[in-house]
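> Here's a sequence, model it:
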Amino acid sequence: MSAFKRHLLFGIIALVTIVAYFHSLDHPFTYLDDQEQVVKNSNIQNLNFANLKAIFSSTSVGMYQPLTTVVYAFVYALGGLSSTPFHWASLILHLLNSFMLFKLLQRLKIEEWSALVLTSIFALHPMQVESVAWISAFSNLLFTSFYLLAISAYLKYLNGQKAALWLALLFFILSCFSKATAVTLPVVLILLDRWHYGEWKWNKLVQKLPFFAVSIAFGLITINSREAAGHLSDLSVGYEWHHRIFLISDSINFYILKFVTPIQLSAFYPYPELENGWLDIGVYISMVFVLFFAWLIYRYRKDRRLIVGGLFFIITLAPTLHFIPVGNQLTTDRYIYLPMIGLLLLLAERMEKWPTLGRQIAFFLLTVVFGIGTFLRADVWENDQKIWENVLDSYPRVAQAHNNLGSYLLLQGKKQDAFEHFDQAVKLKPYYADAYNNRGNLYSQAGKSKEAMADFNKAIELRPHADAYFNRANELSSRGNLDLAIEDYTESIKLKASPDAYTNRAFAYLKLRKMSLARADLNKAIQLDKTYHPAYYLSAMEARERVNFEDACRNLRLAAQYGNKKAAKALQELCPNN
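Model (predicted):
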């Protein structure tokens, strides 16, 4: 096949991929991490030295991914706070990853039509939609790009380009800075030795020590950041050690089955439930399939493709298999983005036994079928309501889906519908702190102070967090319990400093005539967010109390400039010459 024809056929894959995702390019930011990572992330709004330092010395949603955040900053510089450029960035990077995979398969001596079929599956498989259509999953795409570049560089090293080893190390470090899931690369390099030499080359381990050192360092950073964010789960609360073994095997089985039959996909897959100390029978059966998979790898251990493909899948999937439990779901579609390459290598071995016509038919058929599947799946990611309603269609007992759907409906002004979902979340998961906090807010808005306080107290008892302390403080303040309110605002600030917490505490201080403390808090609020108009407005009121009309008018002008309607009216009354 000529180079022109190869690239033309890849162009078909790229075109169908663009068509499949095109309608999702104007989807708005979701409230599923997009707000924290992009919308409210002040570090990406100006890529100066101070912000770069902040990016590389902090985490985002419990993950250390500074290079991903830097790319967000570049996209923001190009298109501002519009979701469309971020979606385009994800799609373009996915296409680049697909092209790099196509080239990698060719370098691994996989027949051209087979490589095209496998690349089409990777580009258009419906399970990849979560990684591409969800802006907050950009780290998944970026770390995979550098991961594939590192593999490509290492293959060049194996073919005699000695300096390429250091290039592979550089790409590996960049991959880890994008997402720590990249830490598996050193083991994959051992697999590539097996592929290249036809046998295990344990004497080559010394050259990989720098890679393992990087891997260990980023692994420790990740564990610490996850623990600090409260993302590490204690499975011993609900599961015994033997349950966890079967949960891991069920996860492996899940990805293989969904790869073969990508139906009933979901943005959230709940943990299997225990009934009288027993998991569902399917979880136990999964162990049989996993052992069979392991036996196949052992049985065909002399076949380079099968051993490398099978082990690549397991190794790259390993960080997500909850050996160290993270988060509140066992499996998720985005975790298969890179490991899918291992399954594709397994498929390549069988596909090359097909006649050429069979591979050609498979290419065009799968491109169309998966293209349609991806188009339909991408539509689900239009907004949070569609995402969580889709989850509840498949898993109606997922408390987090009810809570998140309730939060979105509340933003749409549908308070009663939101309350019903919060209430259902609490009933399904009586230890769900966020749901108690959200329901408490609605009780408070309805004037049911007693019920609101009970929910806030329960939320703080279950998991002390900034929002619950803040909301309880607001309720205490409305009751006139200012000293107790200040204590809760202080606890909220300790857990997560925010301009609204500082501003509300300042308001309580003003009521108690503690003017200097109020001024200090308002200054801190403005330092955190220079566009936070409630802080400017309250600063103006505090300045008026001190009969400092110059400061009052200056702060009113700033508050009005940033959209405070009260400030605009007060500016006319208090500062007629301004």
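
> What residues of stretch 7-17 count as buried?
Using 16 or more other CB atoms under 10 Å as the burial criterion, the residues of stretch 7-17 that qualify are 9, 10, 13, 14, 16, 17. For the C-beta atoms, the positions are set from N, CA and C on the backbone; glycine is no exception.

> what does it contact?
91, 94-95, 98-99, 102, 116, 119-120, 123-124, 363, 367-368, 371, 374 (CB atoms under 8 Å, 6 or more residues apart in numbering).

> what about 7 Å?
95, 98, 99, 102, 116, 119, 120, 123, 124, 367, 371 (CB atoms under 7 Å, 6 or more residues apart in numbering).

> can you check stretch 193-201 too?
158, 204, 304, 307, 308.

> Would you mark the buried spots in it?
Per 16+ other CB under 10 Å, stretch 193-201 contains these buried residues: 193, 194, 195, 196.

> Extract the C-alpha set from that stretch and format it as CSV.
Output of stretch 193-201 as CSV, limited to C-alpha atoms (Å, rounded to 0.1, in the frame of the first residue of the first chain):
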residue,chain,number,x,y,z
ASP,A,193,12.6,-5.2,25.2
ARG,A,194,10.6,-8.5,25.0
TRP,A,195,9.1,-7.4,21.7
HIS,A,196,12.3,-6.3,20.2
TYR,A,197,14.7,-9.1,21.3
GLY,A,198,12.1,-11.9,21.4
GLU,A,199,13.1,-12.7,25.1
TRP,A,200,13.2,-11.0,28.4
LYS,A,201,16.3,-8.9,28.8
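
> centre of the chain versus it, how much separation?
From the chain centre to the centre of stretch 193-201 is a distance of 35 Å (CA atoms, centre = their mean, to the nearest Å).

> now it: mean pLDDT?
Mean pLDDT, stretch 193-201: 82.

> repeat for stretch 271-289
Averaging pLDDT along stretch 271-289 yields 80.

> Can you give the domain ranges for the protein?
Taking automatic domain parsing as the criterion, the chain consists of the domains 3-384, 513-578.

> Tabulate those (a markdown table), appending distance to residue 419.
Shown next, in a markdown table, are these (distance: least, CB to CB, whole Å):
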| stretch | distance to residue 419 |
| --- | --- |
| domain 3-384 | 17 |
| domain 513-578 | 26 |
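
> Just give the nearest non-adjacent residue to residue 43, would you?
Once flanking residues are discounted, residue 43 sits nearest to residue 51: 4.5 Å by CB to CB, 6 or more residues apart in numbering.

> ugh, wrong one, I meant residue 531
In space, residue 531 is closest to residue 562, 4.8 Å off (CB to CB, 6+ apart).

> distance of that neighbour from residue 457?
Separation of residue 562 from residue 457 (CB to CB, to the nearest Å): 35 Å.

> Settle it for me: which of those two has more neighbours?
Higher neighbour count among residue 562 and residue 457: residue 562, with 17 against 14, using other CB atoms under 10 Å.

> quick one: that one and residue 530 touch, right?
No. Using CB atoms under 7 Å, residue 562 is not in contact with residue 530, being 8.7 Å away.

> ok, back up a step: closest to residue 173 out of the contacts of stretch 7-17?
Closest approach between the contacts of stretch 7-17 and residue 173, by CB to CB: residue 99, at 22.8 Å.

> In a helix, the closest one, correct?
Yes. Under DSSP: H, G, I helix; E, B strand; the rest coil, residue 99 falls within a helix.

> if I look at it, how far off is residue 121?
In terms of CB to CB, residue 99 sits 14 Å off from residue 121.

> about what we covered before: can you put the buried residues of stretch 7-17 in JSON lines and add secondary structure?
Formatted as JSON lines, these follow (three-state DSSP):
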{"residue": "9", "secondary structure": "helix"}
{"residue": "10", "secondary structure": "helix"}
{"residue": "13", "secondary structure": "helix"}
{"residue": "14", "secondary structure": "helix"}
{"residue": "16", "secondary structure": "helix"}
{"residue": "17", "secondary structure": "helix"}
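
> Drop anything exposed from the contacts of stretch 193-201.
For those, buried by 16+ other CB under 10 Å: 158, 304, 307, 308.

> could you list every residue that touches the last one?
Meaning residue 308. 191, 194, 195, 345.

> Please work out which residues outside the host helix or strand of residue 364 touch it.
Secondary structure assignment for residue 364, by DSSP states H and E: helix 356-380. Defining contact as CB under 7 Å, 6+ apart, one finds that helix 356-380 is touched by 12-13, 16, 19-21, 23-24, 113-114, 116-117, 120-121, 124-126, 129, 133, 262, 265, 351, 386-387, 390.

> Just the ones of these in helices?
12-13, 16, 19-21, 113-114, 116-117, 120-121, 124, 129, 133, 351, 386-387, 390 (DSSP state H).

> Weed out the non-buried ones from the residues you listed.
By 16+ other CB under 10 Å, these give 13, 16, 20-21, 113-114, 116-117, 120-121, 124, 129, 133, 351, 386-387, 390 as buried.

> Run through the strands of the stretch 401-550 of the chain in chain order.
For the stretch 401-550 of the chain, applying DSSP state E, counting those that start in this stretch gives no strands.

> which residues in it form helices?
415-428, 433-445, 449-462, 466-479, 482-495, 499-511, 515-528, 533-545, 549-561 (DSSP state H, counting those that start in this stretch).

> Adding mean pLDDT as columns, could you present those in CSV?
Output for the helices of the stretch 401-550 of the chain, formatted as CSV (pLDDT from 0 to 100):
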stretch, mean pLDDT
helix 415-428, 96
helix 433-445, 95
helix 449-462, 96
helix 466-479, 95
helix 482-495, 95
helix 499-511, 95
helix 515-528, 94
helix 533-545, 91
helix 549-561, 89
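
> Reformat the ones you listed as a markdown table; add distance to residue 329.
Formatted as a markdown table, the helices of the stretch 401-550 of the chain follow (distance: least, CB to CB, whole Å):
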| stretch | distance to residue 329 |
| --- | --- |
| helix 415-428 | 15 |
| helix 433-445 | 15 |
| helix 449-462 | 19 |
| helix 466-479 | 21 |
| helix 482-495 | 24 |
| helix 499-511 | 30 |
| helix 515-528 | 32 |
| helix 533-545 | 36 |
| helix 549-561 | 42 |
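
> quick check, nearest of the buried residues of stretch 7-17 to residue 440?
residue 17 (44.8 Å).
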